[in-house]
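Student: predicted model follows, preceded by the sequence.
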Amino acid sequence: MNFSSKIIAAGLICAAGVAFAKEGVQNPVVKTRMDTMGVIRANTGILGDMAGGKAAFDADKAAEAAAALAAAANTIPQVFEANETDPVSEAKPEIWANFDDFSTKADALYKAAQAVDTSSLDTLKAGMGGVGGACKECHTTYRIQTN
């Protein structure tokens, strides 16, 4: 990842803390995890809106979002490494019981995000299936479902 992508990702992680933090989270480790997932959610949303026709396709914005998504996904094992919880956490205890599998699933998201071709709307649409599949695969097993 180039330097500008790292800067974009770091900025989004910081900004996402305000935009996506769950109310009442007390544990700073859990807050960091939630902030990271917020960056993933925000950038997946940007790409998904473009792919779904809710937003105009912009190759530059799509490339930035895909890079930020990949950068955040690449940190998932590190931010989940500590087995800590908080009443508002959506992380299942199975994460730490099966950390190798969890990390493999996180790596699948990272690779799917890296593989997204943002050069055209059609290639973006094609790549989003892998991103969505990776998210679902992990969330089905390791995320507490909330309404």
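Tutor: Structure received.
Student: in this protein, which spans are helices?
Tutor: 3-20, 28-51, 59-74, 76-80, 94-97, 99-115, 121-142 (DSSP state H).
Student: any idea of the mean pLDDT in the longest one?
Tutor: Per-region confidence: helix 28-51 scores 97 on mean pLDDT.
Student: helices or strands up against that helix?
Tutor: helix 3-20, helix 59-74, helix 76-80, helix 121-142 (3 or more Cβ pairs under 8 Å, 6 or more residues apart in numbering; DSSP states H and E). For glycine as for every other residue, the C-beta is placed from the backbone atoms N, C-alpha and C.
Student: in CSV, list the ones you listed along with mean pLDDT and mean neighbour count.
Tutor: Compiled in CSV, the helices and strands packed on helix 28-51 are given as follows (pLDDT from 0 to 100; neighbours: other Cβ atoms under 10 Å):
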stretch, mean pLDDT, mean neighbour count
helix 3-20, 40, 15
helix 59-74, 98, 22
helix 76-80, 98, 18
helix 121-142, 96, 17
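Student: now the spatially most central residue of the chain, nearest residue through space, not along the chain?
Tutor: Central residue of the chain (Cα atoms, centre = their mean): I40, 2.4 Å from the mean position. Closest residue to I40 in three dimensions, ignoring its sequence neighbours and counting by Cβ to Cβ, 6 or more residues apart in numbering: A72, at 5.0 Å.
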